[in-house]
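Chemist: Sequence unavailable; structure follows:
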Ligand SMILES: [Zn+2]
């Protein structure tokens, strides 16, 4: 809907100040911004959103923001709130969407050494469920919404602030629901979401790489079922046993390697990661990135490296098994779930056909489980690349920026699927050593080095002003 010109003029006239130029970490504006972010992080982590209840976390934020911006909480189901606020720009360019999810993964069964649902500051870290994934980003977005709402800079485009539900369970309560039911609220040209990285060296002293999430592999599971006659386990079948048939098929799936390929979305990352890896791997990785192909010799070395391997090919792995409900009962079905992460330029149908071919047994029924959604590659073009470079240089001068292929999935796929160019960025710098120790996301004792949080937040602030100036 077009707004009357008069209203646009009125808003533009009270938003006369230009977007602020980059400022140092100890400037009063940045200190206030970081303070607001820390307060929001405390408030967000304190509400357990591991089993829904996102509205409880969002209501106090909405109250705060309402002083400066129009805010709505829209629920996809009772308690499953999504907060959307909008700051009006001049409309010269289409909107910029900032999105973070406020649900978190559960903590049950995990050996936490601090209370998971409160921010604890100790040993140089902020500890708590969600500090990395994704309440840190959500808190930075809230702080930015408050600053922009209060200072009313003249921006060339609307900035939309969205805090969403249910990302960890597929986005159908949050981002995907919004794209399908309230697209008017979040439609944008460009979106910044989780899925990027700011990598520290293993000592946590320097930022060595900024990763920009430009593409993601497609998540798709398949259910495998083999049927049997059942009966008493004291008289096992002598002809066909569904468990054996399934097991043979799973061995073939487990031993199969999809062909390695260097796709455009992974090339940059392989070249950049090579500079940070031990020499033996680094040389091979650099060569593969340079020539764009993987030789048999390269394959022998790289396929042993879990992270590199996942960037070179579609992967499928068996994650669940199911047989008889009791030990003295022969199963009438033997079932398995195979989870695949598919290269963004391959289809789920191609992967299904490959699995059928390598199993080579029609008695193994294979069907795709729920559609998780997928989206295309977001091109890193001139304007976006420039804004990114300026923001990184303002905070971490000279640190290389690398476009990355995510092996996991974020809400970006839902945005990309409706034509929004979504990019993964990060406001919570962390080292590879911390990530491998399980502290980055989803693990017990999720934590983030507190000294880097202000810089992470400042980076997002510079990037947003750069894109909306
Ligand atoms: Zn997340």
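Modeler: Now that the structure is in, tell me what you want to look at. Computed from a predicted structure; not experimentally measured.
Chemist: which bits of the protein sit near the ion?
Modeler: Residues of the chain lying close to the ion by C-beta under 5 Å from the ion are 133-134, 194. Heads up, the C-betas are built off the backbone N, CA and C, glycines and all.
Chemist: how about a cut-off of 6 Å?
Modeler: The chain comes close to the ion at residues 101, 133-134, 167, 194, as judged by C-beta under 6 Å from the ion.
Chemist: how much space between the most far-flung residue of the chain relative to its centre and residue 228?
Modeler: Residue farthest from the centre of the chain, counting by C-alpha atoms, centre = their mean, is residue 235 at 50.3 Å. To residue 228, residue 235 is 13 Å away according to C-beta to C-beta, to the nearest Å.
Chemist: re earlier: can I get the residues of the chain next to the ion in a markdown table with secondary structure, neighbour count and pLDDT?
Modeler: Putting those into a markdown table (DSSP: H, G, I helix; E, B strand; the rest coil; neighbours: other C-beta atoms under 10 Å; pLDDT from 0 to 100) gives the following:
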| residue | secondary structure | neighbour count | pLDDT |
| --- | --- | --- | --- |
| 101 | strand | 29 | 98 |
| 133 | coil | 24 | 95 |
| 134 | coil | 30 | 96 |
| 167 | helix | 27 | 96 |
| 194 | coil | 26 | 97 |
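Chemist: all helices of the stretch 301-450 of the chain, in order?
Modeler: 306-312, 348-359, 382-395, 412-417, 432-436 (DSSP state H, counting those that start in this stretch).
Chemist: Is the residue of the stretch 201-350 of the chain found nearest the ion bridged to anything, and to what?
Modeler: In the stretch 201-350 of the chain, the residue that lies nearest the ion is residue 213 (11.4 Å; C-beta to the ion). Residue 213 has these beta-bridge partners by DSSP bridges: residue 404, residue 424.
Chemist: And residue 337, by the same measure?
Modeler: Here residue 337, judged by DSSP bridges, has bridge partners residue 223, residue 320.
Chemist: quick one: low-confidence parts of the chain?
Modeler: By pLDDT under 70, the low-scoring segments of the chain are 1-16.
Chemist: Tell me if I'm right that residue 142 and residue 148 touch.
Modeler: No: proximity of residue 142 to residue 148 does not meet the contact threshold set by C-beta atoms under 8 Å, at 11.0 Å.
Chemist: ok, those two, which is more surrounded?
Modeler: residue 142 (28 against 24; other C-beta atoms under 10 Å).
Chemist: tell me which element that one falls in.
Modeler: Here residue 142, judged by DSSP states H and E, is contained in helix 135-151.
Chemist: Now the common contact residues for residue 235 and residue 228.
Modeler: With C-beta atoms under 8 Å, 6 or more residues apart in numbering applied, the contact sets of residue 235 and residue 228 do not overlap.
Chemist: so how far is stretch 236-251 off the chain centroid?
Modeler: Relative to its chain's centre, stretch 236-251 lies at 38 Å (C-alpha atoms, centre = their mean, to the nearest Å).
Chemist: list the buried ones in that stretch?
Modeler: Neighbour counts over stretch 236-251 (16 or more other C-beta atoms under 10 Å) mark 241-243, 245-246, 249-250 as buried.
Chemist: which one of the helices of the stretch 301-450 of the chain has the most crowded surroundings?
Modeler: Highest mean neighbour count of the helices of the stretch 301-450 of the chain: helix 412-417, a mean of 26 (counted as mean count of other C-beta atoms under 10 Å).
Chemist: Counting by contacts, list what that one packs against.
Modeler: With contacts taken as 3 or more C-beta pairs under 8 Å, 6 or more residues apart in numbering; DSSP states H and E, helix 412-417 sits against helix 175-181, strand 190-193, strand 207-216, strand 421-424.
Chemist: List of residues touching that helix?
Modeler: By C-beta under 8 Å, 6+ apart, the list of residues contacting helix 412-417 from outside reads 97, 99, 171, 175-176, 179, 186, 188, 191, 193, 195, 213, 216, 218, 372-376, 378, 422-424.
Chemist: for stretch 49-68, same thing?
Modeler: Here stretch 49-68 has contacts from 40, 43-44, 47, 71, 73, 75, 79-83, 85, 102-107, 129-130, 142, 145-146, 149-150, 161, 163-166, 173-174, using C-beta under 8 Å, 6+ apart.
Chemist: Just these: which are in strands?
Modeler: If you go by DSSP state E, the contacts of stretch 49-68 have 71, 73, 75, 81-83, 85, 161, 163-164 in strands.
Chemist: Output those residues in CSV; the columns should cover neighbour count.
Modeler: As requested, the ones in strands among the contacts of stretch 49-68 are exported to CSV (neighbours: other C-beta atoms under 10 Å):
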residue, neighbour count
71, 20
73, 16
75, 15
81, 27
82, 29
83, 26
85, 27
161, 27
163, 31
164, 31
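Chemist: Nearest to residue 448 among these?
Modeler: residue 163 (18.7 Å; C-beta to C-beta).
Chemist: Hmm, the closest one is touching residue 101, no?
Modeler: Yes: judged on C-beta under 8 Å, residue 163 makes contact with residue 101 at a distance of 7.5 Å.
Chemist: Find the residues that touch each one of these two.
Modeler: residue 138.
Chemist: quick one, domains of the protein?
Modeler: With domains defined by automatic domain parsing, the chain comprises 5-195+410-468, 218-368.
Chemist: any idea which of the ones you listed is most buried?
Modeler: Among the domains of the chain, highest average neighbours (mean count of other C-beta under 10 Å) belong to domain 5-195+410-468, with a mean of 20.
Chemist: What separation do you get for residue 173 and residue 162?
Modeler: Residue 173 is 13 Å from residue 162, by C-beta to C-beta.
Chemist: now stretch 92-107, how far from the chain's geometric center?
Modeler: Using C-alpha atoms, centre = their mean, the offset of stretch 92-107 from its chain centre is 10 Å.
Chemist: next one: stretch 413-428
Modeler: For stretch 413-428, the distance to the chain centre is 9 Å (C-alpha atoms, centre = their mean).
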